[in-house]
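> What follows is a protein structure lacking sequence information:
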């Protein structure tokens, strides 16, 4: 895994950091028996995933692998079974 730089992007770090903050907020309010605060923390958790996804869509995530074609053109890999 170390060679693939899995998750070492700005989008991944930002999304995970926001999600961890949301879990901490939710956990603290759960111990204090405050349902509204708990659900506010859960909203922050979801927000972390959305922010990470948006940042990845903006190009701040891991780029898709490309290979060189026969004539030197870049070819993007397609999933198996993807027909044209």
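Looks like it came in fine. Values in this document were obtained by computation on a predicted structure and should not be read as measured data. Residues are numbered from 1 along each chain as shown.
> residues touching residue 26, list them.
37-42, 44-45 (CB atoms under 8 Å, 6 or more residues apart in numbering). (Each C-beta comes from the backbone N, C-alpha and C, glycine too.)
> actually residue 44, not the one I typed
18-19, 21-22, 25-26.
> Tell me where the protein has helices.
Here the chain has its helices, by DSSP state H, at 10-31, 35-55.
> just to revisit the earlier point, which of the contacts of residue 26 ranks first by neighbour count?
With neighbours defined as other CB atoms under 10 Å, the most crowded of these is residue 41; it has 20 neighbours.
> That one: what's its closest spatial neighbour, skipping adjacent residues?
residue 26 (2.7 Å; CB to CB, 6 or more residues apart in numbering).
> Tell me how many other residues crowd residue 34.
13.
> which residues sit in contact with it?
So residue 34 contacts nothing (CB under 8 Å, 6+ apart).
> So which of the contacts of residue 44 is the closest to residue 54?
Set against residue 54, the nearest of the contacts of residue 44 by CB to CB is residue 18 (11.5 Å).
> how near is the closest one to residue 53?
Distance, residue 18 to residue 53, by CB to CB, to the nearest Å: 12 Å.
> more crowded one of the two?
Using other CB under 10 Å as the criterion, residue 18 and residue 53 rank with residue 18 on top: 18 against 13.
> how much space between the more buried one and residue 63?
22 Å.
> Could you tell me which residues make contact with residue 25?
Applying CB under 8 Å, 6+ apart, the residues near residue 25 are 37, 40-41, 44.
> Among those, which one sits closest to residue 9?
Nearest to residue 9 among these, with distances taken as CB to CB, is residue 44, at 20.7 Å.
> From residue 63, how far out is the closest one?
From residue 44 to residue 63 the distance is 28 Å (CB to CB).
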